[in-house]
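Visitor: Need the 3D shape of this:
(one chain, ligands or ions: 1)
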Amino acid sequence: MSRITTVAQLEAIIGRPPAMVMMKELAELDDAGRRMLAIAPLAGFGYRDDEGRPRTTVVGGKPGFAEVESPARIAFATDVDASGPVSFVFLLPGVGETLRVNGSVAERSPGRIVVAVSQVYIHCARAILRSRLWDPVVPAAPVPAVADGPLSAPGVAGFLAATPFLIVSSWDRDGGSDTSPRGDVPGFVRVIDGHTLVIPDRRGNKRADTSRNLLADDRISVAMLVPGRTDVLHVSGTAVITDDASLLADMAQGAAVPQAALIITVERAELRRNQAVAAANVWDRGNRVDAATLAELMALTTRQLGVKKPALRRLSGALAVFSRLIRRVMDATYRRALEKEGYGLATGTRLGRPVRVIDVIRETPDAVTLVLSGADTGFAPGQFYTLIMDIEGRTFRRAYSATSVPGTDRLALTVKRDGLCSTYLNDHARVGTEMRVLGPSGDFRVADPAAAGAEYVLIGAGSGITPLMSIIRTVLAASPDATITLIYGNRTEADIIFAGELTALRDAHPGRLTVHHVLSRPGPGWTGRTGRIGPDHLIYLERAHYYICGPATMPAAVREALTGLGVSSDRLHEERFTSVPAADPEAADSEQAVRTMTVDNVGEVVVGAGQTMLDAGLAAGVPMPYSCTVGSCGECRVRLLRGEVRGIVEDGGVLTCVSYPLTDTAVAITPAEPGD
Ligand code: FES
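Guide: Numbering: from 1, shown residues only. Model (predicted):
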């Protein structure tokens, strides 16, 4: 291993900071700095406690928590026992740049600290962009098994696997403090053993303050965040710098190999709730810096950031209204720089496979078929896919059955309007809409649709036709002579999805497809069957396999009726659709408030208004179990330890995919078995 011990060795690897970077440094707060403090609700804070131990934590709780007493003095409320040199990195929700402030404690009284400022500068957006801190749809890395040592404490390894962002504090030869941000994909902090962590050091602005400081004083402290969570992992110990080639190659992100790495010998690792993070609620997109403030800020900060293009500088000085354009140009510049160095920012590791809507077919006023390109179409007819979509800044997952024939270059999912996501897709999905998809999944399937001589009875209600339609299309095309009887229930004739195509398929395959429509609210001219599907509508065929799909209790009732007719259980296949209820906009405040969900042995997660417990947990990198996401499979069942929820709660377990917290809650991922 090659340990770096001198500044010359360090600069041989990372280079020297360009003059432009050092010019961005100020001795006190200017207009841009004051404005950033006025809107920053949180800061990473590096200090030494009364016993001289290095500490990093997160302070704040609301925008403007740091009061500017003068350009050279700021004050804030805190209970930490800081003294001597301190340093901050101020975070602005939704913004890439951070404000770094160094100084020393000038006054300390109970609950309040005043800091004399000595150094101020704006840190570039690379750490935030790499981490996707404000855009966190990235799965956690696998959680390593950690034996003895501070890193084996409950929840620590899981948090390390999920964190994309950390704040690191170090001290220079004269005792001066520096706190800076690091960001990357979850899993970038490697756990070597219960006492040792490795953090890659990727290309930055060449200031390398942390590394330079560590050459003089090897003490280090770190605070780590996971988007969506209100707890913070605090780590402290000592660190060395290495450029060991095999270690760095092992931490390559795409083609980007880190320049160096910090190897931390951990003396203390503590995961605890952070009141500032909880109070600031920065994970709620409603608390992001708004466009008008961002425009004003950009006009101020562009000067300090030293934008090189003269035209852009003139533009920034002209009118703040152009600042959104500047923002986009600057973000694009950062992204290009990251991609140029081989960092896979654009392709990232977002959960699911990217798909694109290439056709939208209106089936009924309340049902639409989305034709997607890019999906894995190797499904068995009857299976479903999970669509991952971002709606108004939140990520949702919903399962929809494939209605097309497998093995083609396009996947059709038919979506009936009955909840937030299905309504969104019905109203807003367009050709070109991009989403992500997981799957195929599910045990409701016809294993061999090409089987000769097979008989099928398909029984569906409402959107329950969707997997059955794939079975019909596939079996009629693949088998030479299989026969199908479809019994399909709806309220009215207008609600029948695929009505025209079912008739066409019946006529095109004489004797192979029989269709019986059953309407519960038939119009005056209806001559077909009426009522809800029940024993009178069912048929008994000795060799047939029965596939039942419908909402709520329908499949179980039909199964019972078929069992009564003598159909054996090995010929019964059942899928239940449970629509995910949207958060009720008319509901009391208790249903619309932001809640916390404490996950036993993991940590605390913020559940936004209208967010299911599953969506919130997954967004925070918690390894929540799930499969169907529509309350059907039971995979997402967790044990409810405390609190009240609206959704499906039974036998001490809650189906998180269809449940919303009414109060702060606590759950355990170890599932509650029915009957517990
Ligand atoms: S994920 Fe299937 S019931 Fe919740």
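Visitor: Residue 104 is in contact with residue 119, correct?
Guide: No: contact between residue 119 and residue 104 fails when scored by Cβ atoms under 8 Å: they sit 10.6 Å apart. C-betas here are computed from N, CA, C, even on glycine.
Visitor: Quickly list the domain ranges of the protein.
Guide: Structurally, the chain divides into domains by automatic domain parsing as follows: 3-280, 289-340, 353-441, 455-577, 592-668.
Visitor: Can you say which of those is packed in most?
Guide: Ranked by mean neighbour count, those are led by domain 592-668 with a mean of 22 (mean count of other Cβ atoms under 10 Å).
Visitor: Kindly export the strand of greatest length in the chain (C-alpha atoms) in CSV.
Guide: For the chain, the longest strand by residue count, based on DSSP state E, is strand 260-273. Extracted in CSV, the C-alpha atoms of strand 260-273 (Å, rounded to 0.1, in the frame of the first residue of the first chain):
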residue,chain,number,x,y,z
ALA,A,260,-6.7,8.7,-3.7
ALA,A,261,-8.6,7.3,-0.7
LEU,A,262,-8.9,8.0,3.0
ILE,A,263,-8.5,5.0,5.2
ILE,A,264,-10.2,5.8,8.5
THR,A,265,-9.5,3.9,11.7
VAL,A,266,-12.8,4.3,13.4
GLU,A,267,-12.9,4.9,17.2
ARG,A,268,-16.5,5.9,17.4
ALA,A,269,-19.6,5.3,15.2
GLU,A,270,-22.9,6.5,16.5
LEU,A,271,-26.3,6.6,14.6
ARG,A,272,-28.7,8.9,16.2
ARG,A,273,-31.7,11.1,15.5
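Visitor: Report the mean per-residue pLDDT for that strand.
Guide: In this model, strand 260-273 carries a mean pLDDT of 94.
Visitor: Chain neighbours aside, what residue packs nearest to the closest residue to the ligand within the stretch 151-300 of the chain?
Guide: Scanning the stretch 151-300 of the chain for the residue nearest the ligand gives residue 228, at 18.6 Å (criterion: Cβ to the nearest ligand atom). Sequence neighbours aside, residue 620 is the residue nearest to residue 228 in space, at 2.9 Å (criterion: Cβ to Cβ, 6 or more residues apart in numbering).
Visitor: Is the residue nearest to residue 118 when sequence neighbours are not counted part of a helix or strand, or is it coil?
Guide: For residue 118, ignoring the flanking residues on the chain, the nearest one in space by Cβ to Cβ, 6+ apart is residue 103 at 4.9 Å. Three-state call for residue 103 (DSSP: H, G, I helix; E, B strand; the rest coil): strand.
Visitor: Could you give the bridge partners of residue 103?
Guide: Counting by DSSP bridges, residue 103 is bridged to residue 86, residue 117.
Visitor: That one: what's it in contact with?
Guide: 74, 85, 86, 87, 115, 116, 117, 118, 119 (Cβ atoms under 8 Å, 6 or more residues apart in numbering).
Visitor: TSV please, covering those residues and showing pLDDT and distance to residue 242.
Guide: Shown next, in TSV, are these (pLDDT from 0 to 100; distance: Cβ to Cβ, whole Å):
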residue	pLDDT	distance to residue 242
74	97	36
85	95	27
86	97	28
87	97	24
115	97	34
116	97	36
117	96	34
118	94	31
119	92	28
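Visitor: wait, which of the residues you listed is closest to residue 646?
Guide: Of all the contacts of residue 103, residue 646 sits closest to residue 74, with 43.5 Å by Cβ to Cβ.
Visitor: Regarding the closest one, which helix or strand does it belong to?
Guide: strand 73-77 (DSSP states H and E).
Visitor: can you list contacts of that strand?
Guide: With contacts defined as Cβ under 8 Å, 6+ apart, strand 73-77 is touched by 29, 37, 59-60, 65-69, 101, 103, 106, 111-117.
Visitor: Could you work out the most separated pair of the contacts of residue 103?
Guide: Distances among the contacts of residue 103 were taken as Cβ to Cβ; the most separated pair is 74 and 85, at 14.5 Å.
Visitor: hmm, back to that, in terms of pLDDT, where does the residue nearest to residue 228 sit?
Guide: 80.
Visitor: please renumber so the chain begins at 446
Guide: Understood, numbering begins at 446; the last thing we discussed is residue 1065.
Visitor: how far away is it from the ligand?
Guide: 17 Å (Cβ to the nearest ligand atom, to the nearest Å).
Visitor: For that residue, which residues are in contact?
Guide: 581, 607, 671, 672, 673, 674, 728, 1050, 1051.
Visitor: Flag the shaky bits of the stretch 696-845 of the chain, pLDDT-wise.
Guide: 699-700, 745-796, 838-839 (pLDDT under 70).
Visitor: ok and the residue in it nearest the ligand?
Guide: residue 844 (7.7 Å).
Visitor: I figured that residue was touching residue 833, is that so?
Guide: No: counting by Cβ under 8 Å, residue 844 does not reach residue 833; the two are 10.7 Å apart.
Visitor: about what we covered before: partners of the longest strand of the chain, with directions?
Guide: In the sheet, strand 705-718 lines up against strand 641-646 (antiparallel), strand 676-687 (antiparallel) (DSSP bridges).
Visitor: who touches the helix or strand just after the last one?
Guide: Past strand 676-687, heading to the C-terminal end, the next element that is a helix or strand (DSSP H and E) is helix 690-695. When contacts are defined by Cβ under 8 Å, 6+ apart, helix 690-695 is touched by residues 446, 447, 643, 645, 702, 703, 704, 705, 706.
Visitor: Setting aside sequence neighbours, what's the nearest residue to residue 853?
Guide: The shortest distance from residue 853 to any non-neighbouring residue, by Cβ to Cβ, 6+ apart, is to residue 822 (5.8 Å).
Visitor: And the helices in the stretch 596-745 of the chain, which stretches?
Guide: For the stretch 596-745 of the chain, applying DSSP state H, counting those that start in this stretch gives helices covering 601-607, 654-661, 690-695, 720-725, 736-750.
Visitor: In the chain, where is pLDDT below threshold?
Guide: Residue ranges of the chain with pLDDT under 70: 446, 461-469, 581-585, 649-652, 699-700, 745-796, 838-839, 1023-1037, 1116-1121.
Visitor: got the residues of it near the ligand?
Guide: Contact residues, the chain versus the ligand (Cβ under 6 Å from any ligand atom): 1071, 1072, 1073, 1074, 1076, 1077, 1078, 1079, 1080, 1081, 1100, 1102.
Visitor: check contacts around the closest residue in space to residue 451 that isn't next to it in sequence.
Guide: With sequence-adjacent residues excluded and distances taken as Cβ to Cβ, 6+ apart, residue 451 is closest to residue 660, at 6.9 Å. Residue 660 sits next to 449, 450, 451, 452, 455, 686 when contact means Cβ under 8 Å, 6+ apart.
Visitor: Among these, which ones are in helices?
Guide: 452, 455 (DSSP state H).
Visitor: would you turn the contacts of residue 660 into CSV with distance to residue 805?
Guide: Shown next, in CSV, are these (distance: Cβ to Cβ, whole Å):
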residue, distance to residue 805
449, 57
450, 62
451, 63
452, 61
455, 56
686, 54
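Visitor: Of the contacts of residue 660, which is the nearest to residue 881?
Guide: Nearest to residue 881, judged by Cβ to Cβ, of the contacts of residue 660 is residue 686 at 37.9 Å.
Visitor: From residue 996, how far off is the closest residue to the closest one other than its chain neighbours?
Guide: Nearest non-adjacent residue to residue 686, counting by Cβ to Cβ, 6+ apart: residue 449, 4.3 Å away. Residue 449 sits 63 Å away from residue 996, taking Cβ to Cβ, to the nearest Å as the criterion.
Visitor: where's residue 558, which helix or strand?
Guide: Applying DSSP H and E, one finds residue 558 within strand 557-568.
Visitor: Next secondary structure element downstream of that strand?
Guide: Proceeding N to C from strand 557-568, the next assigned helix or strand is helix 571-576, under DSSP H and E.
Visitor: Packing partners of the strand or helix carrying residue 840?
Guide: Residue 840 belongs to strand 839-846 when assigned by DSSP H and E. Where contact means 3 or more Cβ pairs under 8 Å, 6 or more residues apart in numbering; DSSP states H and E, strand 839-846 is packed against strand 829-836, strand 856-861, helix 865-873, strand 879-886, helix 910-923, helix 1058-1064.
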